[in-house]
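K.L.:
the following comprises the amino acid sequence and a computationally predicted model.
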Amino acid sequence: MAKQGFPTPQLLVIAGATFVCVSSEFLPTGILPDIAVGVGVTEAQAGLLISAFAFTVALSTIPLTRLTQRFPRKWLMVATLGGFALTNVVCAIAPDYWTLFAGRVLGGLVHGVFWAVTTPYAARLVRSNQVVRATSITAAGGRLAFILGVPMGAAIGHAVGWRLSFLVMAGLIVLFALLVVLFLPPVEHRVTLRTGEIPIPARRDPTLRAILIVCAIVALTGLGQNAMSTYIAPWLIAIPAIDPGQVASILLLGGIGGAIGLVIATLVGDRDPHRFLLVTLIGLALTGVAMGLLGTSGWPAILAYVLWNVAFGIVAPLTQGLMMREASPRLRDFGAAALTTCFNAATAAGALTGAFVVSGLGLGWLPGFLVVFTTLAAIVVTIEIPRRRAAGAGRA
């Protein structure tokens with residue numbers, strides 16, 4: 001496809017598809033007690049529906065991406081959306097816990113392929129110096145899911161039953177599948193060799209190292225982020241002593257902070273992404289320090305929490321954009337799959353780390369672990385910047 005202008009309408013369609021899929025992924029978090037009562041299990045068992053989804057994504061994304069490599073990207077996206085809709089219907093009509101569990105596992109299988117398609121799709125619609133901007137727009141769908149989608153699902157579930165929440169989500173997913181059919185142009189994802197060019201295995205692709213570096217940054221940042229964010233509600237209640245009735249409002253402020261970070265990444269992320277990422281990671285670590293030092297101070301701690309969300313709102317789209325900029329065209333789908341795998345593994349491992357910290361040391365130690373892992377990610381970027389500049393000078 002000729003990249004004429006900036007394809008905002010098409011990117012918004014991908015953002016909308018991302019919105020409904022991320023809303024579907026985290027839908028159980030807002031209706032967990034209702035699900036537990038509905039299928040006769042404990043809330044802890046109901047919580048495994050989220051863990052099962054994340055672990056399935058982490059384990060299946062790369063192999064399924066390789067298996068689907070030959071299929072056209074547009075129709076593979078439509079197929080994944082159809083699969084999402086079907087798994088939501090399965091969850092809605094599930095007669096027991098294990099059928100519901102199976103529906104979530106099937107959703108995880110589809111989810112990994114969806115992310116492996118959508119981020120490279122956005123990158124293929126624009127020029128190389130617009131990739132961060134494009135992926136930030138599509139990532140906005142995921143951020144909006146946390147601000148509006150999950151609360152919307154919870155409101156529906158509490159008002160008319162959790163099963164209807166899954167059915168409404170399935171209908172929205174089908175709607176965006178139709179929009180993809182109508183408005184997204186096809187893209188060519190297969191790389192054709194030039195005359196006389198010899199194909200090389202992926203492990204010898206010179207951009208593989210950059211892919212692994214971005215994955216390491218995401219894994220480290222995600223570990224610290226999820227160790228803290230998984231237990232943010234108990235932390236807010238126990239450390240800054242926020243009234244439980246105010247927690248939802250504070251979390252909404254955090255979501256808005258993340259949206260602000262996303263806008264910042266969209267506007268300036270393409271200028272010098274490595275250096276911008278380093279500055280953002282340093283800022284993320286400093287917000288962790290502030291949350292640790294100001295934790296018992298009430299509203300100053302809340303301000304630190306909001307700034308933490310602003311910083312992480314920048315990191316997520318920036319690392320996605322970096323992956324698409326750094327990976328060669330032949331490895332873009334693999335890079336997106338690897339990024340999804342690392343993110344979901346970090347989600348699960350971060351939550352587990354947080355559980356050990358809370359049970360062994362207490363809630364007040366969580367910001368410290370956020371700082372440690374984020375600092376390690378910043379060190380990786382610091383080491384990488386001179387190498388990237390030297391490589392650029394060598395090409396020049």
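P.N.:
Perfect, I can see it now.
K.L.:
kindly format the C-alpha coordinates of stretch 292-299 as PDB.
P.N.:
Extracted in PDB, the C-alpha atoms of stretch 292-299 (Å, rounded to 0.1, in the frame of the first residue of the first chain):
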ATOM      1  CA  GLY A 292       7.900   5.100  48.900                       C
ATOM      2  CA  LEU A 293       8.900   8.300  50.700                       C
ATOM      3  CA  LEU A 294       5.500  10.000  50.600                       C
ATOM      4  CA  GLY A 295       3.400   6.900  51.000                       C
ATOM      5  CA  THR A 296       1.800   7.900  54.300                       C
ATOM      6  CA  SER A 297       1.300  11.500  53.400                       C
ATOM      7  CA  GLY A 298      -2.100  11.300  51.800                       C
ATOM      8  CA  TRP A 299      -2.600  13.400  48.700                       C
END
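K.L.:
residues contacting it, please?
P.N.:
With CB atoms under 8 Å, 6 or more residues apart in numbering as the test, stretch 292-299 has contacts from 235, 239-242, 300-301, 304, 364, 367-368, 371. Glycine gets a C-beta too; all of them are placed from N, C-alpha and C.
K.L.:
listing request: residues of this protein with sub-threshold pLDDT.
P.N.:
Applying pLDDT under 70 to the chain flags the ranges 1-4, 44, 189-203, 386-396.
K.L.:
you'd agree Leu307 is up against Thr287?
P.N.:
Yes. Leu307 is in contact with Thr287 according to CB atoms under 8 Å; the separation is 4.8 Å.
K.L.:
out of the two, which sits in the busier spot?
P.N.:
Thr287 (23 against 20; other CB atoms under 10 Å).
K.L.:
the more buried one and Val306, how far apart?
P.N.:
Going from Thr287 to Val306 by CB to CB, to the nearest Å gives 9 Å.
K.L.:
got it, and Leu49?
P.N.:
29 Å.
K.L.:
settle it for me: which of the two has more neighbours?
P.N.:
Leu49 (24 against 17).
K.L.:
next up, the contacts around that one.
P.N.:
Contacts of Leu49 by CB under 8 Å, 6+ apart are 28, 35, 100-101, 104.
K.L.:
can you tell me the element it falls in?
P.N.:
Using DSSP states H and E, Leu49 falls within helix 43-67.
K.L.:
in that helix, what's buried?
P.N.:
46-50, 52-62, 64-65 (16 or more other CB atoms under 10 Å).
K.L.:
and for stretch 79-92?
P.N.:
In stretch 79-92, counting by 16+ other CB under 10 Å, buried: 79-81, 83-92.
K.L.:
give me the contacts around it.
P.N.:
With CB under 8 Å, 6+ apart, stretch 79-92 has contacts from 17, 20-21, 24, 71, 99-100, 102-104, 106-107, 109-111, 113-114, 117, 163-164, 166-167, 169-171, 173-174, 176-177, 180.
K.L.:
next one: stretch 157-174
P.N.:
Here stretch 157-174 has contacts from 17, 20-21, 23-24, 27, 30-31, 34-35, 38, 81-82, 84-86, 88-89, 91-93, 153-154, 156, using CB under 8 Å, 6+ apart.
K.L.:
need the CA coordinates for that stretch. CSV is fine.
P.N.:
C-alpha atoms of stretch 157-174 as CSV (Å, rounded to 0.1, in the frame of the first residue of the first chain):
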residue,chain,number,x,y,z
GLY,A,157,-22.5,-7.0,35.1
HIS,A,158,-23.7,-5.5,38.4
ALA,A,159,-26.9,-4.1,36.8
VAL,A,160,-28.1,-7.1,34.8
GLY,A,161,-25.8,-10.0,35.4
TRP,A,162,-22.2,-10.9,34.5
ARG,A,163,-23.2,-13.2,31.7
LEU,A,164,-24.7,-10.3,29.7
SER,A,165,-21.4,-8.4,30.1
PHE,A,166,-19.7,-11.1,28.1
LEU,A,167,-22.5,-11.1,25.4
VAL,A,168,-22.3,-7.3,25.1
MET,A,169,-18.5,-7.5,24.7
ALA,A,170,-19.0,-10.2,22.0
GLY,A,171,-21.4,-7.9,20.1
LEU,A,172,-18.9,-5.0,20.2
ILE,A,173,-16.1,-7.2,19.0
VAL,A,174,-18.2,-8.3,16.0
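K.L.:
can you give me phi and psi for Gly157?
P.N.:
The phi and psi values for Gly157, taken as degrees, to the nearest 10, are phi -60, psi -40.
K.L.:
ok, and the closest non-adjacent residue to it?
P.N.:
Ile31 (3.6 Å; CB to CB, 6 or more residues apart in numbering).
K.L.:
what is the burial count for that neighbour?
P.N.:
23.
K.L.:
list the buried residues of stretch 360-367.
P.N.:
Of the residues in stretch 360-367, 363-364, 366-367 count as buried by neighbour count, 16+ other CB under 10 Å.
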